[in-house]
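>>> coords below, sequence missing:
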């Protein structure tokens, strides 16, 4: 049986010399778990400022090294303390252990989304004291120095100049004891700290094999940190968000704050699923925006091409009788001409009144329509917009994030999505009343709403909804929050990797098709393009359309299609066709909607554009090697079945 | 950075001598994580049969010991392999390391719910070869030996006899290479393996400090195993139930199978919450049992005293207009007289037709009414029963588990419940059609329903619901399943501990009241009794009623009550009163129901019986020491405010 790691950690923290600490650790290394090794690391880092002799430094270095072996990546607090120690050592002109600065840079880089403004300020201040060239804020433009906000209290002139330069560069005012951090929040997404020697590419050998690979960096590292987070909330008995007594353990709130900021929305709330996020969004819009209307008086338009959870959510919210499916275009987005025609028909016939309409816009497979026109239509006909970004988060249109256009927007963190918490979703809004409805509807009662802190609307709004809202019991667990949080730090990197690999796949497949099937063959497989050039895409899946020998789309399914898919499935690609009547993305399988709404004759265009379209999920850790194999498999399977 | 534990595990597994394995382990102990230490343990156990010399045995023992330090409790497979090794060693009359058998017994005991029939058979077979007295199947009755099923292939006569005896005892046919296991499933709940020396009470010292305490055994050990399970499904990318490619990783299915068997129901399905379990249950009953009626034609009766999620669920399922709340008795259960009167009124007035009624019976705070009479009423008036066992699972009535009486029953695994997965719930039924509705409604699509295996109804029933059921997106994550599974193994122990501590608290409080407040004072605090002597209780919370100086209940709140509660809250007991208008268990706070249904005059008895009743959650790891403190606090707070 292991000794109590907590007890050992306490013992270690109580030592006053590096030598004593090292002795304890050597004796008991096997009894530490990762959590407590991290805690020790944090404590031991506090020895640094006291270190005077080189021997002490060496022993401390050895100890830290051993501790770090157990705590695979430094946590935020330890990093900050280390940074502070570094600055102190440099001030005192004490020996700095080899690799210390590099490790620190890499730790900051990896976890930058987790750093608060205060943390980051400390780290920047420490680097400001370090030799030139250690810090490179690549993507931040230089604002002019604002003399008024400069703090003149620093007593170390040679550091002062560098600090001022830093402040100017990052727009943050730094000083030793107080951290006056203003515009740091908006900097976070672009701030890119990196030390002169790139640790990612430089490091080699077994010690970095996990963190250094794409999979290591984008999947394994967040998993490891996620497990540590779960251990923390297990130890503290905070698996439920309302049990969180410590701010550091309220992972759901942290994720909500991050995601709201990322999308540029005021509020976020985590829920058990993306489907529930849509239905709750619709119910909130009904209650807040249409308090005096019945659900039968409100028209709901939505995509005919999407996943079955979307129309389901419209039914769950009560709009079963007024849901109208809109055709898809050949780029697989909602057909805005068809939408506008349906609106005009509804208004002309008097079936629905102006202003009594909702558009549930699904960015199915991350495909985004012309949002300028969507917004124009919504304004022209007084339509309330709900954006379903289950797949599309990270996508943008004309520089603005999808999920920031609607009254309500939603995401999914189900296992196949960019961020994976097994199941899960979030809902976003800028509307105080809608957020109040979300909080109570999801399952908040009594005084628990206060625990949403900045994500909670003002008290008077909450009290309006507190007793009068049905408790649907659809909260997310804090466990999922604990796993989600470290994934947010790499979300943009996952997107970059997805897109890079997608473009590589498109290029390579084209080459392979020419090579395997002959000249011109690359024109027979259409990698379906985004509908508009202003879309900033996230290619976490691919949709290809097989064309006929004249390179034209065909409304009827090719006889070779089944064989083509079977061949690819045999090669371990889980590719499918949308036109399969059992495919949950085929509106004909949504038989819970009234029969006439999903009759094939009602949506001929959607049927036509989905014919011969194949769908395949991509992974955020796909590599060129895997993409090259997929390209070969596509080309060979194509040759076997279409020639 | 740590070396790759997986690589080390492989290296270790490839060694062919105990000495070589030990050397590797000693060199790299710090680089192992728990998962891979367990994997190593499993591999290394396979050396046993090859061990011939005492020195080898000693070295192997040392290695196993070190590995076990890292892997706090053996997993099922490792235990089984160890058992097999033990048998082999005994056959070969090789030295058996000290403590080996005890550790094995304890491992089996701790994890018996995780053992498959085949696993258990192996272990039993191994023990059958061990010295007499090592196995004691306390609670299993001896069936007669069935000569026809006895396997005569064993080549070791002296073991043969003992094996036969075992077979007779446990009703399982054992042989070395094939395990013919028949009635083992039904044995599981009662089978109690325990070695002659009780390791739980015998073991002392630091090595068992965690496992040996109540909290260690009932909370820490399942947490540890839970974390290991989560690590497993993280490694295998199976956070979602439908990603589970390996049976061992489908924790939700394992939990469902266990729970259905425990309650004695045919089917179970995990959901995101207990509230959703109730609403889905009602929706399924509507669709399957009342296909031709509107929701307005179906009367729903439910408790006026319960948590707000219960009436909410009735509204979510569409029964907002026909929900009728039934008074509570002074024992806090549903008033069956009032229920019967309401039914008769409804039938007499013709408002509802016979057979068009549902009873949503909530075992609020684990309090169970006379179920003989409930069933009689249901039969007499053709009422369909849904049992909400959010708190009551483990409770029984007249020997039958609560949750087995209804057409549908539900549980909750939210953080305050007996089994804690942060959020979560399950729904149970014996009805094929209802289970099919559950599976598709929760979010199964295409061919995924097949992954429910034995928990899935026959194909023809599934196909009836596959396309015609709205997808509500309310599945539980497999992460929660991974944490739930090891808790099931100790669930009955948690119940025992709860009840033991509750009775101790009642006794001690009574003594303390007499001591602190004077003779007769113990009669002023009523520990509210179960409504019927046939109830098998689970006291995971306490409800006390303060009585007046004549020891009678009072319909008005005592002036001392607020001070009494404040004093106790100041002493860190989160005690509350049900009569607080903001308490989510007070029907007056359910203002989303139509106003007349919750008007105080409509439910005078419920208001009266809840007056001066206080509510406090207990913990499954409470000890006599904590209960004694609580008793003192109760008595002292009582004295301060009621004398």
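In hand now; what should we look at? What you see is a predicted model, and the numbers here were worked out from it, not measured in a lab.

>>> going forward, measure contacts and count neighbours with C-alpha atoms only.
Will do.

>>> in chain A, which helix or strand is least confident?
Sorting the helices and strands of chain A by mean pLDDT, DSSP states H and E puts helix A:184-187 at the bottom, at a mean of 22.

>>> what separates residue A:474 from chain B, distance-wise?
Applying CA to the nearest CA, to the nearest Å, the value for residue A:474 to chain B is 7 Å.

>>> residues contacting that residue?
By CA atoms under 8 Å, 6 or more residues apart in numbering or on different chains, the contact list for residue A:474 reads A:271, A:272, A:276, A:441, A:442, A:443, B:272, B:273, B:276, B:474.

>>> what pLDDT does the second one get?
Read it as residue A:272. In the predicted model, residue A:272 carries a pLDDT score of 98.

>>> same question, the last one
Predicted confidence (pLDDT) at residue B:474: the value is 98.

>>> before we move on, what about the fourth one?
Per-residue confidence for residue A:441 comes out at a pLDDT of 98.

>>> so it touches residue A:468, yeah?
No - assessed by CA atoms under 8 Å, residue A:441 is found out of contact with residue A:468, at 9.5 Å.

>>> more crowded one of the two?
residue A:441 (24 against 16; other CA atoms under 10 Å in any protein chain shown).

>>> Leaving out sequence neighbours, find the closest residue to that one.
The shortest distance from residue A:441 to any non-neighbouring residue, by CA to CA, 6 or more residues apart in numbering or on different chains, is to residue A:471 (4.7 Å).

>>> and that neighbour, how many residues sit next to it?
Burial measure for residue A:471: 29 neighbouring residues, criterion other CA under 10 Å.

>>> Now do the contacts for it.
Contact analysis of residue A:471 by CA under 8 Å, 6+ apart lists A:440, A:441, A:442, A:443, A:444, B:308, B:309, B:312, B:313.

>>> Point out where the stretch 401-550 of chain A drops to low pLDDT.
Judged against pLDDT under 70, the stretch 401-550 of chain A has no low-scoring part.

>>> Likewise for chain A?
Filtered on pLDDT under 70, chain A yields the residue ranges A:1-6, A:8-10, A:12-19, A:21-22, A:25-26, A:28-211.

>>> how about the strands in it?
A:267-271, A:299-303, A:323-326, A:357-362, A:383-388, A:396-397, A:400-401, A:408-412, A:425-429, A:525-527, A:535-536, A:541-546, A:576-577, A:613-617 (DSSP state E).

>>> Deepest-packed of these, please.
Ranked by mean neighbour count, the strands of chain A are led by strand A:408-412 with a mean of 31 (mean count of other CA atoms under 10 Å in any protein chain shown).

>>> got the angle between that strand and strand A:357-362?
Strand A:408-412 and strand A:357-362 are oriented at 20 degrees to each other (axes from the mean of the first three to the mean of the last three CA atoms, to 10 degrees).

>>> and the angle for strand A:408-412 with strand A:267-271?
Using the same axes, to 10 degrees: strand A:408-412 against strand A:267-271 is 40 degrees.

>>> who's in contact with residue A:322?
Counting by CA under 8 Å, 6+ apart, the residues that residue A:322 touches are A:295, A:296, A:297, A:298, A:299, A:300.

>>> Pull up the gap between the last one and residue A:360, please.
If I follow you right, that is residue A:300. 7 Å (CA to CA, to the nearest Å).

>>> Repeat that for the first one.
Taking CA to CA as the measure, residue A:295 falls 15 Å from residue A:360.

>>> residues from the stretch 401-550 of chain A in reach of chain B?
A:414-415, A:421-423, A:445-446, A:467-479 (CA under 8 Å from any CA of the partner chain).

>>> Can I have the buried ones of those residues as a ChimeraX selection?
Per 16 or more other CA atoms under 10 Å in any protein chain shown, the buried members of those correspond to this ChimeraX selection:
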select /A:414,415,421,422,423,445,467,468,469,470,471,472,473,474,475,476,477,478,479
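
>>> Among the residues of the stretch 401-550 of chain A next to chain B, which are located in helices?
Judged by DSSP state H, those include A:478, A:479 as members of helices.

>>> hmm, back to that, columns distance to residue A:581 on top of the contacts of residue A:471, output as JSON lines?
Formatted as JSON lines, the contacts of residue A:471 follow (distance: CA to CA, whole Å):
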{"residue": "A:440", "distance to residue A:581": "39"}
{"residue": "A:441", "distance to residue A:581": "35"}
{"residue": "A:442", "distance to residue A:581": "34"}
{"residue": "A:443", "distance to residue A:581": "37"}
{"residue": "A:444", "distance to residue A:581": "41"}
{"residue": "B:308", "distance to residue A:581": "42"}
{"residue": "B:309", "distance to residue A:581": "38"}
{"residue": "B:312", "distance to residue A:581": "36"}
{"residue": "B:313", "distance to residue A:581": "34"}
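
>>> How about the backbone phi and psi for the closest residue to residue A:619 other than its chain neighbours?
In space, and not counting its chain neighbours, residue A:619 is closest to residue A:540: 6.6 Å by CA to CA, 6+ apart. As for residue A:540, its main-chain torsions (degrees, to the nearest 10) stand at phi -100, psi 10.

>>> on that earlier part again, in TSV, list the contacts of residue A:474 along with distance to residue A:287.
As requested, the contacts of residue A:474 are arranged in TSV below (distance: CA to CA, whole Å):
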residue	distance to residue A:287
A:271	19
A:272	21
A:276	16
A:441	12
A:442	15
A:443	17
B:272	24
B:273	24
B:276	21
B:474	22
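
>>> Before I go, just wanted to say thanks for your time.
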